[in-house]
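*Asks:* What shape does this take:
(one chain, ligands or ions: 1)
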Amino acid sequence: MEVEVRLNTNESPEPPPPELAVELASTASGLSLNRYPDRRAATLTAAVAAHHGVAPEQVFCANGSNEVLQCLLLAYGGAGRRALVFEPTYALHAHIARLTGTEVLAGARTAAFEVERAAAVELIAAAGPEVVLLCSPNNPTGNAESLDTIASIAAATDGLVVVDEAYAQFAPSSALELLAETPNLAVVRTFSKTWALAGLRLGYLLADPEVAAACAKVALPYHLDAFKQEAGVLALRHEAEMDARVRRLVEARHRLVEGLSRLRVDLWPSAANFVLFRPRHMRAAEVWGGLVERSVLVRDVSSFPGLEDCLRVTVGTAEENRRFLAALGEVLEDGPR
Ligand code: PMP
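*Replies:* Predicted coordinates for the structure are as follows:
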């Protein structure tokens, strides 16, 4: 869909730093594309490991975090196995699980969209899933899970606990703090959001060496192309710019939330680069359509369990956020009272 303000897929509104673009261009021209890439992506894997202060054996890189999730579910899910998700959450978790033949069990969340520790532990004891999928901060609700909850869930299961941290750098804490003492924990990260590199398709796993090795076994040979391997290494050298970008986006999120709170919508606190909101007196589809007419695209998440009439807006540039708020104000004024 052609729109001027695209706030529907939680990408960074800013491009990566210009110096990185120059470095990428010169890297591209120096590649031996007649040769297969390094099958183990050793340099990239070592760079990711150094970035997080873990051993290279604890890292598995793939084409976006979606491919990491697919590998985890190919390795730990499959026919006769079950994955537990807590709805509403990132829809691809259940989708990829089903694609790998894994049965999906759905637990509920509290009114604040948190996973309730006691209920989760009980559900795990009763159902015994091989994989538990958490998402923190959770897409599309925006809340982060407490480390206590994650640790309790990991202690309650013999299965693998996957924490999808696509939005981690926006959040106050990370499950990585639990990694050393939790061998059944798998943390999934991406370059698509805070690193402003969604087009590159690069994500990775941080876990026990056994889990990383299991993923490597189910990935296709040479799945990571030569350019991506070099690009990931170069991107990691621009951490300071990434941190500054995250600070700008968090600041912009505060202003966006302020603006939204002046309109007739209910909204939920966010620890990510998007905000979930519900118009008080109009249907989500009507509001979504009204925004599109004003060339603003947000995500209609009203079909997610428990999110009736909810919409999700990505934090954009100051100008994009201003246009979104102005358009939403108009739509809500125009709509039925
Ligand atoms: N996990 C979550 C929670 C996401 O929101 C997204 C992107 N929408 C992904 C994973 C997939 O990201 P990637 O581009 O790394 O495949």
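*Asks:* Alongside the ligand, which residues does this protein contribute?
*Replies:* 10, 64-66, 90, 135, 139, 164, 166, 190, 192, 198, 203 (CB under 6 Å from any ligand atom). To be clear about C-beta, it is placed using only N, CA and C from the backbone, and glycine gets the same treatment.
*Asks:* could you dump those residues to CSV with neighbour count, secondary structure and pLDDT?
*Replies:* Listed next are the residues of the chain next to the ligand as CSV, based on neighbours: other CB atoms under 10 Å; DSSP: H, G, I helix; E, B strand; the rest coil; pLDDT from 0 to 100:
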residue, neighbour count, secondary structure, pLDDT
N10, 20, coil, 97
G64, 19, helix, 98
S65, 24, helix, 98
N66, 21, helix, 98
Y90, 20, coil, 98
C135, 27, strand, 98
N139, 24, coil, 98
D164, 29, strand, 98
A166, 24, coil, 98
T190, 24, strand, 98
S192, 22, coil, 98
A198, 16, helix, 97
G203, 23, strand, 98
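*Asks:* Closest to A21 out of those residues?
*Replies:* If you rank these by distance to A21 using CB to CB, A198 comes first, at 14.8 Å.
*Asks:* Ignoring the adjacent residues along the chain, who's closest to that closest one?
*Replies:* What sits nearest to A198 in space, not counting adjacent residues and going by CB to CB, 6 or more residues apart in numbering, is S192, at 4.0 Å.
*Asks:* Phi, psi for that neighbour please.
*Replies:* phi -80, psi -20 (degrees, to the nearest 10).
*Asks:* need the strands for the stretch 201-337 of the chain, in chain order.
*Replies:* Ranges of strands in the stretch 201-337 of the chain, per DSSP state E, counting those that start in this stretch, are 203-207, 265-267, 274-279, 296-297, 299-300, 311-314.
*Asks:* ok, residues contacting the longest one?
*Replies:* What it means is strand 274-279. The contact list for strand 274-279, computed with CB atoms under 8 Å, 6 or more residues apart in numbering, reads 10, 139-142, 253, 256-257, 260, 264-268, 270, 284, 287, 301, 307, 309-315, 332, 335.
*Asks:* How about the first one?
*Replies:* Contacts to strand 203-207, defined as CB under 8 Å, 6+ apart, come from residues 48, 52, 54, 58-68, 71-72, 176, 179, 185-192, 211-212, 215.
*Asks:* which ones among these are found in strands?
*Replies:* The strands, defined by DSSP state E, take in V59, F60, C61, A62, L185, A186, V187, V188, R189, T190 from those.
*Asks:* Burial check on L328, number of neighbours?
*Replies:* L328: 25 surrounding residues under other CB atoms under 10 Å.
*Asks:* Can you name the residues that contact the residue nearest the centre of the chain?
*Replies:* Centroid-nearest residue in the chain: A166, 2.9 Å away (criterion: CA atoms, centre = their mean). Taking CB under 8 Å, 6+ apart as the criterion, A166 is in contact with N10, S65, Y90, C135, N139, V188, R189, T190, S192, K193.
*Asks:* Phi, psi for it please.
*Replies:* phi -60, psi -30.
*Asks:* Over to E130?
*Replies:* phi -80, psi -30.
*Asks:* where's it relative to A94, distance?
*Replies:* For E130, the distance to A94 (CB to CB, to the nearest Å) stands at 15 Å.
*Asks:* which residues touch the closest residue to T149 other than its chain neighbours?
*Replies:* Spatial nearest neighbour of T149, excluding adjacent residues (CB to CB, 6+ apart): R117 at 4.7 Å. R117 sits next to D148, T149, S152, I153 when contact means CB under 8 Å, 6+ apart.
*Asks:* if you set the cut-off to 10 Å instead, what comes out?
*Replies:* Applying CB atoms under 10 Å, 6 or more residues apart in numbering to R117 gives the contacts E145, S146, D148, T149, I150, A151, S152, I153, A156.
*Asks:* The fourth one touches N138, doesn't it?
*Replies:* The one in question is T149. No - contact criterion CB atoms under 10 Å: T149 and N138 do not qualify, at 11.7 Å.
*Asks:* Quick check: closest non-adjacent residue to A214.
*Replies:* For A214, the closest residue by CB to CB, 6+ apart turns out to be A75, at 4.1 Å.
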